[in-house]
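Enquirer: Sequence and predicted structure are below.
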Amino acid sequence: MGLCCSLGLCPPIPFSLGLCPLHLGLCLPLSFSTIYSGLCLSAWGFPRLSTPRRAPRSSSSDTGSRSSEPLPPPPPHVELRRVGAVKAAGGASGSRAKRISQLFRGSGTGATGSGGAGGPGTPGGAQRWASEKKLPELAAGVAPEPPLAARATAPPGVLKIFGAGLASGANYKSVLATARSTARELVAEALERYGLSGSPGGGPGESSCVDAFALCDALGRPAAGGVGGGEWRAEHLRVLGDSERPLLVQELWRARPGWARRFELRGREEARRLEQEAFGAADSDGTGAPSWRPQKNRSRAASGGAALASPGPGSGSGPPAGSGGKERSENLSLRRSVSELSLQGRRRRQQERRQQALSMAPGAADAQIGPADPGDFDQLTQCLIQAPSNRPYFLLLQGYQDAQDFVVYVMTREQHVFGRGGNSSARSGSPAPYVDTFLNAPDILPRHCTVRAGPEPPAMVRPSRGAPVTHNGCLLLREAELHPGDLLGLGEHFLFMYKDPRTGGSGPARPPWLPARPGTTPPGPGWAFSCRLCGRGLQERGEALAAYLDGREPVLRFRPREEEALLGEIVRAAAAGAGDLPPLGPATLLALCVQHSARELELGHLPRLLGRLARLIKEAVWEKIKEIGDRQPENHPEGVPEVPLTPEAVSVELRPLMLWMANTTELLSFVQEKVLEMEKEADQEGLSSDPQLCNDLELCDEAMALLDEVIMCTFQQSVYYLTKTLYSTLPALLDSNPFTAGAELPGPGAELGAMPPGLRPTLGVFQAALELTSQCELHPDLVSQTFGYLFFFSNASLLNSLMERGQGRPFYQWSRAVQIRTNLDLVLDWLQGAGLGDIATEFFRKLSIAVNLLCVPRTSLLKASWSSLRTDHPTLTPAQLHHLLSHYQLGPGRGPPPAWDPPPAERDAVDTGDIFESFSSHPPLILPLGSSRLRLTGPVTDDALHRELRRLRRLLWDLEQQELPANHRHGPPAATPP
């Protein structure tokens, strides 16, 4: 507790951690403030620390070594010096978090109580304090703490204890103290130094002398001369408990600048009187002095830290009996929350609250309110819990153990985790799961569910895998919206109501779990079939069902048992080409199935659905490829003439494959988004190393690999049949003459019919492929790669034909080269008008350079040397350049000039190099990256897709009705016109 609290400087406003702003900056370190938020700070002053019996300390409190930590400078009037070296026990002494736990380790009967394994400890209490940690770094990676008896003692220091008039001529006495020294022990030593009988080892008379005195923690200011001089003037006084550790108190709660603290030895009755007088004076001044009585409240904020220990086998589900249960009850009195801060009102409002508390008791209206025990008033006042006004919270409606459950659970972070917690795994090295609110019912998982409430509503609730969670009475399997007033059930015991005061009452007027018509009977015979949860009658449910069956919302709901039939129907309809679905209609319907599984069904269902979906698509594509191959001319029986493929016939054959390629590409992108969301949510919840999650991700990877295989296969088959058709049309670019008599060369952007006859077959294949990709709405990246492969094949095929024709007969001459150059320019201009000019220019570059070489005038070519020709035509290999020059027609009886001979350095490349292009060096297929083009938001605008969606919904309705007995079946509602 900082000095600001004792002076009443902290504003009494509820904070989620039970801290005021001055605490964070002036009083306490962040780790201590977080761990003990709401313990004693809610009293707004120095608390009287009730000390439970010593119990084995939680291993989570050891967070570091103290052997190298320097002692803080002592405040005025308190002298603390090292008198010996620190002997490490188990490697290190406790850190600040460890010293905090020592503050609450005293014995219930004295300072020498047993705290070892065999002593009368209270495991429940120790584990309760272990669960109070808020910082994850304090809860993870902590080594077990050695037993108390085996630890080395803390370094002793000299502590000044002022006698306050006990002995004349002596202002104070110095005593030796350690971090484990209790107030009672120091009182006995101080009395002995003052010459009074009272050592802790004396007889009964000496023990009574010790009981007559108390050690007080006094705060004040020097009257003059600064902090170090002048007459001492105490302004605040607090009596230390017998088991409190003064050395830790003065280290953890320090005075503000200008103030000083000291320990005084006073008579116990006198100290109590001075404490009460100071409290009464502050209350009469209206300073809002808090109540000094330790209170037990039934409200709390997030607990944080490690988990509560579950009861052992055979111990039952109740709290531990005997001294352990009593100590656990005492420890609960030290746990405070935001809700308790509102109970610390001013004295002038106390009587009103007492009257209100008594009025709530049965028979209060008939009974006359008279004098009562103040303790009863305080106990009744605690029942009037005022909820926080600036943070969401959960109101407990049903719990597991009344002695351990609280009424209000406040969200201290945007992400709030409910669970039982657990221990860190030493085998895997993974830390214990972090939880905010501990629930110790046996059916609560270590990490049960997560609630995220950002600045803007609504909040989101997500159950963990295998965790039984209900939302407004319905089983919750995936993430859902959580509105104020909703009921959240965890397991079979806990039931909470979610409240968010920040919304200002903007939530629904009626909770969704209330009956629609409370107090009235639904009209008609539908009352016998009405739902007990929401009160809807059969007629209302029929109207809601009809709205869903005929609605245009992109939603397709199904149960896991109907999944196989639904997926099979979608794939079968897409493979048969039934109906007039839009090109990406099958992918949209399948994506709706994936979305329903990801949002509504259990966590492990999505990987299984993806695997089944990928296998169905692969089987359908394989069957279609086999049908197309059986219809090819080369597979006809012998004697049947082989008919060459036309662009129109190829377009019809390839349309199913192109549709599957387009749909599978978009579906794969959509699935990748869902898998990435799954991994992101697992990382946020700290479950990235969960074995079940790893298995699910492996199944998803296998399904996506099958979809990749489908895309690769459909792409290969499509370009195979297109290049097969091109192969018979490309030779015309080398043989046809565009300068026919009376013909005029078409300009850029001309229609296919205006092109020279020799170019129309080749351009017809390109046009058919372009129309096919447009009709199937193929992804633009795949469209570019498809034409890139076609242009690569055309370039390689024409260049190989050019190299081959120059060997046998005269072909390399200027007039023929001009015709080839003109045909190639007309093709490139047409492709430029179709939007494919950049791709065509890139892949036809080598053929263009070879033709440009042949178009060089003879006189200019004779003047060129080998080196200049290599520089002007870099894409041609030495073997290809030498082949073109050696077979160039210079005239009858004339051979190549010596300047065309390659140098000796390139002679080997010319002799061993290949003049033909390889078809195996085609560009690789790269699948598109980025988000899917499927739009699953907003109403369905396409009528054909809407009709198919209605058909599938009614199919699911029929499948559901077939499982019911005959007398329970209902026909679907009357269909409304689309």
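Expert: It's in.

Enquirer: which element is R221 on?
Expert: strand 213-222 (DSSP states H and E).

Enquirer: elements contacting the helix or strand that that strand is followed by?
Expert: Following strand 213-222 in sequence order, the next helix or strand is strand 232-239 (DSSP H and E). Secondary-structure packing of strand 232-239 (3 or more Cβ pairs under 8 Å, 6 or more residues apart in numbering; DSSP states H and E): strand 213-222, strand 260-267, helix 268-284. In short, each C-beta sits where N, CA and C put it, glycine included.

Enquirer: again, only using 7 Å
Expert: Applying 3 or more Cβ pairs under 7 Å, 6 or more residues apart in numbering; DSSP states H and E, one finds that strand 232-239 contacts strand 213-222, helix 268-284.

Enquirer: what lines up beside that strand in the sheet?
Expert: As defined by DSSP bridges, the strand partners of strand 232-239 come to strand 213-222 (antiparallel).

Enquirer: how about stretch 439-450: buried residues?
Expert: Buried residues in stretch 439-450, counting neighbours by 16 or more other Cβ atoms under 10 Å, are found at 439-441, 444-450.

Enquirer: closest one to P924 among the helices and strands packed on strand 232-239?
Expert: Taking Cβ to Cβ, strand 213-222 is the member of those nearest to P924, at 77.4 Å.

Enquirer: Can you check what angle separates the closest one from strand 260-267?
Expert: 150 degrees (axes from the mean of the first three to the mean of the last three Cα atoms, to 10 degrees).

Enquirer: Could you list the domains of this structure?
Expert: 157-197+209-222+231-281, 387-420+433-504, 551-635+643-714+929-963 (the TED database).

Enquirer: Please work out the average pLDDT along the last one.
Expert: Same thing as domain 551-635+643-714+929-963. Domain 551-635+643-714+929-963 comes out with an average pLDDT of 90.

Enquirer: out of the helices and strands packed on strand 232-239, nearest to T714?
Expert: strand 213-222 (81.6 Å).

Enquirer: mind exporting that closest one as PDB, just the C-alpha atoms?
Expert: The C-alpha coordinates for strand 213-222 follow below in PDB (Å, rounded to 0.1, in the frame of the first residue of the first chain):
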ATOM      1  CA  PHE A 213       2.700  -4.300  23.300                       C
ATOM      2  CA  ALA A 214       2.300  -3.900  19.600                       C
ATOM      3  CA  LEU A 215       4.600  -2.800  16.700                       C
ATOM      4  CA  CYS A 216       3.100   0.200  14.900                       C
ATOM      5  CA  ASP A 217       3.900   1.500  11.400                       C
ATOM      6  CA  ALA A 218       3.800   5.300  11.700                       C
ATOM      7  CA  LEU A 219       3.900   7.900   8.900                       C
ATOM      8  CA  GLY A 220       4.600  11.500   9.500                       C
ATOM      9  CA  ARG A 221       6.700  14.600   8.700                       C
ATOM     10  CA  PRO A 222       9.500  16.300  10.700                       C
END
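
Enquirer: Show me what that strand is in contact with.
Expert: 3, 6, 46, 183, 186-187, 191, 229-230, 232-240, 246, 249, 255, 258-268, 271 (Cβ atoms under 7 Å, 6 or more residues apart in numbering).

Enquirer: what number of residues lie near the residue nearest to G938 when sequence neighbours are not counted?
Expert: Spatial nearest neighbour of G938, excluding adjacent residues (Cβ to Cβ, 6 or more residues apart in numbering): P554 at 7.4 Å. By the measure other Cβ atoms under 10 Å, the count of residues near P554 is 20.

Enquirer: cool, and the one 3 residues further on?
Expert: The burial count assigned to R557 is 12, neighbours taken as other Cβ under 10 Å.

Enquirer: That one should be in a helix, yeah?
Expert: No. Counting by DSSP: H, G, I helix; E, B strand; the rest coil, R557 is not found in a helix; it is coil.

Enquirer: ok, back up a step: which one among the buried residues of stretch 439-450 gets closest to G604?
Expert: L445 (15.0 Å).

Enquirer: check which helix or strand covers the closest one.
Expert: Short version, using DSSP H and E: L445 is in no helix or strand.
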